[in-house]
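[1] Give me a 3D structure for the following:
(chains A and B)
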Protein chains: 2
Amino acid sequence: MNTKAENQKIRLDHGSGGRLSHELTRDMILPVFGNDVLNALHDGAVFAVEKGRLAFSTDTYTVDPLFFPGGNIGDLAINGTVNDIAMCGAVPRYLSLGLIIEEGLAVADLKTILATMGRAAQKAGVMVVTGDTKVVPKGAADKLFVNTSGVGLIPAHVRIGADRARSGDQIILSGTIGDHGITIMTRREGMQFDAPFKSDSAPLNHLVESMLVYAESVHVLRDPTRGGLATALNEIAAQSAVGIRIFEDRIPVRPDVAGACELLGFDPLYLANEGKLVAFVAPDMAQDVLKTMHTFAVARNACIIGEVVPENPGRVVMETAIKGLRIVDMLTGEQLPRIC
Amino acid sequence: MNTKAENQKIRLDHGSGGRLSHELTRDMILPVFGNDVLNALHDGAVFAVEKGRLAFSTDTYTVDPLFFPGGNIGDLAINGTVNDIAMCGAVPRYLSLGLIIEEGLAVADLKTILATMGRAAQKAGVMVVTGDTKVVPKGAADKLFVNTSGVGLIPAHVRIGADRARSGDQIILSGTIGDHGITIMTRREGMQFDAPFKSDSAPLNHLVESMLVYAESVHVLRDPTRGGLATALNEIAAQSAVGIRIFEDRIPVRPDVAGACELLGFDPLYLANEGKLVAFVAPDMAQDVLKTMHTFAVARNACIIGEVVPENPGRVVMETAIKGLRIVDMLTGEQLPRIC
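    Numbers count the residues shown, from 1 in each chain, chains lettered A, B, ... in the order given. Modelled structure (predicted):
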């Protein structure tokens, strides 16, 4: 089965802007993402917008390895930017795709990743409308980096911001934490565990849309990716100048993830997630929002993990399982590089 | 003068999402680009738009070397995306910035590049409103890659498209070709020439805005970057299904650039430009558009280099200096990798 096509490698010429570049676009990109806007193949995409507020976000993905249980760099890049836009309260619509490919990448791997991106875009209901491909010489990059940027429209009645947390707000977490981080970590180091870890990479925009039926009461949305839940909560505490209290025994962590974290010395609070969100919701509506969230598979384990308090503005404090108090600070640096 | 600050290197921790990441944003990014939208530091930027058509574009810059006469990767990344948006007939407004930094990059170099970006953004009249920084381990990237994406609004009366060239259209080139390509090439290879080559990296959006006073008559705009003038014209010929005839002796090339090309075996038609455009303009208005262009320093050498013809649809034909005809095809691959 070692046909020629299967052994094809990406060459520098694929990034030249010349004929091979056009073939890559025509044969690998357009069949996956093809739509009227992208097909115009102008220097930029052109589309109509209504008067309103746009959310605009960018993220670069350098995850190592490219393929991991639960996904690959492709759907990670779609879901990640879709989620960043959704966390602004916007409905993501249009995405751009910037590829940096290392010379020698297997064409088959690129095709698999692009196909995964196409499915992820479809699932999230977004269109890839413009793109750019660069190929750098062998050794100048590690296989493949992907940038996605995107825009979405914010419904008129929605006001979401990391500075809008208010004392009394209930903090809802949409599910277990640490799944993506522990998956990448163990896969990269070639560790064998009984439990098959799996990234939680998923689009959250449909979930957010349903939560925003309660737009008046949803004050903050954030997806705790790089830096994990602890970092996301610290950012919100700082930007809103409020105190945050969370309860260790309410924070869902899969037992196998908790076990691996203990073994490896990681704190799940700081591990990346790629399909989870935290929402700060006014107390009178928290149960209603939670009920709505439970109707989505991606949030069936959603629960209230804490609340906003007047004490210690800018600080995140956790009541531990043995009823002690622990300050949950931001880490200085990395638990784990190239996690997303 | 070997103070500690001057020897600082970017560490993996700068990309962690933790405290050092925040310090990088606070100390290096915000002071350069700071504006109300960016300062909100949400997952995405939020801004108001009017009803209309948006142009949305992305480009990744992997140029080697990072610094070259006439600019560096920073202003290249701002100007490139500003120009891509302008080539849609749009007024560029908001940019995103995605950095991939190799561990060990000198902090001083990053600061210089960001400062250059800030000045370029100011010159072009655009705001950097959202961003992302990844740091990869030493050897996983080559110093620094930069992605910029951007959006701009297209005025209601403007209709620009690579498929809108019409027989009789005059083809205006805004100035000399090959400057950027030959600069990068000679600098990278450490060649010494008497003439100091200099990249033409420049924003073209103000020029385009003034040309679009004649919006009815301007059919196509394109900046001949990677792949050069030849590739840009081939793309337009194909998308508009028209023939293009250009005249070799009308195409401005600086004599030193022409000399270096001859010596090194490059064809200036295929060399990248970063501050030039071609415009396809209805014949009755071509002289007026040209006159307007001449009032801009960046287009003071603008001239008509050819026209759209009914013969040979999809083909670019050049009348050479000795009155021969030469088909100017697209190249299969690279003259020069990592040119932008």
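
[2] Whichever strand or helix holds A:Asp59 pairs with which strands?
    Per DSSP states H and E, A:Asp59 falls inside strand A:52-61. In the sheet, strand A:52-61 lines up against strand A:144-154 (antiparallel), strand B:45-49 (antiparallel) (DSSP bridges).

[3] any idea how far A:His180 is from A:Lys111?
    Shown here: A:Lys111 relative to A:His180, a distance of 24 Å by C-beta to C-beta, to the nearest Å. For glycine as for every other residue, the C-beta is placed from the backbone atoms N, C-alpha and C.

[4] right, I mislabeled it, should have said A:Gly125
    A:Gly125 sits at a distance of 22 Å from A:His180 (criterion: C-beta to C-beta).

[5] Between these two, point out the one with more neighbours.
    Counted by other C-beta atoms under 10 Å in any protein chain shown, A:Gly125 and A:His180 do not tie: A:His180 has more neighbours, with 30 against 14.

[6] Surely the more buried one is within a helix?
    Yes - under DSSP: H, G, I helix; E, B strand; the rest coil, A:His180 sits within a helix.

[7] Wait, it touches A:Pro268, no?
    No - judged on C-beta atoms under 8 Å, A:His180 makes no contact with A:Pro268 at a distance of 11.0 Å.

[8] Just put the strands paired with strand A:52-61 in a markdown table and tack on mean neighbour count.
    Shown next, in a markdown table, are those (neighbours: other C-beta atoms under 10 Å in any protein chain shown):
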| stretch | mean neighbour count |
| --- | --- |
| strand A:144-154 | 28 |
| strand B:45-49 | 19 |
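
[9] quick one on the thing from earlier: restricting to C-alpha, output the strand holding A:Asp59 in CSV.
    Only the C-alpha atoms of strand A:52-61 are listed here, as CSV (Å, rounded to 0.1, in the frame of the first residue of the first chain):
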residue,chain,number,x,y,z
GLY,A,52,-24.0,46.0,15.8
ARG,A,53,-21.0,44.8,17.8
LEU,A,54,-18.5,42.4,16.5
ALA,A,55,-16.2,40.1,18.5
PHE,A,56,-12.8,39.4,16.9
SER,A,57,-10.3,36.9,18.2
THR,A,58,-7.1,35.2,17.2
ASP,A,59,-5.3,32.1,18.5
THR,A,60,-2.2,30.2,17.4
TYR,A,61,-2.0,26.5,18.0
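
[10] quick one: whichever residue of the stretch 1-150 of chain A sits closest to chain B and B:Cys340, what's the gap?
    In the stretch 1-150 of chain A, the residue that lies nearest chain B is A:Asp13 (2.8 Å; C-beta to the nearest C-beta). Relative to B:Cys340, A:Asp13 is positioned 16 Å away (C-beta to C-beta).

[11] With A:Ala90 instead?
    Distance, A:Ala90 to B:Cys340, by C-beta to C-beta: 31 Å.

[12] more crowded one of those two?
    Per other C-beta under 10 Å, whichever of A:Ala90 and B:Cys340 has more neighbours is A:Ala90, with 29 against 24.

[13] Contacts only, for that one.
    Counting by C-beta atoms under 8 Å, 6 or more residues apart in numbering or on different chains, A:Ala90 touches A:53-55, A:151-154, A:158, B:44, B:46.

[14] ok, those residues vs B:Arg254, which is closest?
    Nearest to B:Arg254, judged by C-beta to C-beta, of the contacts of A:Ala90 is A:Val151 at 39.7 Å.

[15] Looks like the closest one contacts A:Val91 (just checking).
    No - counting by C-beta under 8 Å, A:Val151 does not reach A:Val91; the two are 10.1 Å apart.

[16] Would you map the strands across the stretch 101-250 of chain A?
    Taking DSSP state E, counting those that start in this stretch as the test, the strands found in the stretch 101-250 of chain A are A:127-136, A:144-154, A:170-173, A:218-222, A:243-247.

[17] Need the ones you listed in a markdown table (columns: mean pLDDT).
    Shown next, in a markdown table, are these (pLDDT from 0 to 100):
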| stretch | mean pLDDT |
| --- | --- |
| strand A:127-136 | 96 |
| strand A:144-154 | 97 |
| strand A:170-173 | 98 |
| strand A:218-222 | 98 |
| strand A:243-247 | 98 |
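
[18] wait, which of those strands is closest to B:His294?
    Closest among the strands of the stretch 101-250 of chain A, once you apply C-beta to C-beta, is strand A:127-136, at 31.7 Å.

[19] helices and strands of chain A: which one bottoms out on pLDDT?
    Least confident element among the helices and strands of chain A, by mean pLDDT, DSSP states H and E: helix A:36-39 (a mean of 88).

[20] From the chain's centroid, how far away is that one?
    Relative to the chain's own centre, helix A:36-39 is displaced by 25 Å; criterion: C-alpha atoms, centre = their mean, to the nearest Å.
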